[in-house]
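Chemist: Here's a sequence, model it:
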Amino acid sequence: MTAPPPTTPPLPKWATSVTVFALITGALLFVAWAKMETVQITYAIDELMDEEAALAEEQRRLRTELAELRSPRKLEVLAPDLGLEPPEPGQVIVVGDESVDAALPEDPASASDLPDSPDEGAR
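Modeler: Now for the predicted structure:
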């Protein structure tokens with residue numbers, strides 16, 4: 001005959017209660033931690049949304065300022081302060097305009113009167 005397998009002694013009744021209490025306490029601690037993390041993440045998202053709104057407002061302001069600085073009226077106002085003058089007649093050549101061909105001399109010898117670079121014509 002074979003020997004019966006060894007049996008473990010039964011646990012006391014309080015051990016089961018302690019185990020259940022520990023599991024419930026662990027679960028409650030996990031839920032509390034998860035809730036606190038959710039609140040922290042929500043605050044971080046709110047801060048990032050506020051920052052995004054501030055950056056969008058700054059971008060809008062900068063685009064408006066850029067458009068203002070590029071406007072011909074603003075350039076006309078700033079030009080004298082920068083030492084710029086309106087071009088003399090004949091200094092402006094419109095690229096793609098067919099009337100430019102008529103304005104250029106046909107004789108290469110007289111073409112030497114034209115400035116070699118746009119900077120020379122401004123002097």
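
Chemist: distance of residue 19 from residue 28?
Modeler: As for residue 19, its distance to residue 28 is 15 Å (criterion: Cβ to Cβ, to the nearest Å). Quick note: C-beta positions are derived from backbone N, CA and C, even for glycine.

Chemist: again, but for residue 38
Modeler: With the distance defined as Cβ to Cβ, residue 38 ends up 16 Å from residue 28.

Chemist: before we move on, what about residue 44?
Modeler: 25 Å.

Chemist: which SS state does residue 37 fall under?
Modeler: Following DSSP: H, G, I helix; E, B strand; the rest coil, residue 37 is assigned to helix.

Chemist: how many neighbours does it have?
Modeler: Neighbours of residue 37 under the rule other Cβ atoms under 10 Å: 10.

Chemist: Where does pLDDT dip in the protein?
Modeler: In the predicted model, the chain carries pLDDT under 70 at residues 1, 97-123.

Chemist: Name the SS class of the residue most central in space within it, please.
Modeler: Closest residue to the average C-alpha location of the chain: residue 55 at 8.2 Å, with Cα atoms, centre = their mean. Using three-state DSSP, the structure places residue 55 in helix.

Chemist: quick one: contacts for residue 95?
Modeler: Contacts for residue 95 (Cβ atoms under 8 Å, 6 or more residues apart in numbering) come out as none.

Chemist: Relative to residue 55, how far out is residue 40?
Modeler: For residue 40, the distance to residue 55 (Cβ to Cβ) stands at 23 Å.

Chemist: what do you get for residue 8?
Modeler: For residue 8 relative to residue 55 (Cβ to Cβ), the value is 66 Å.
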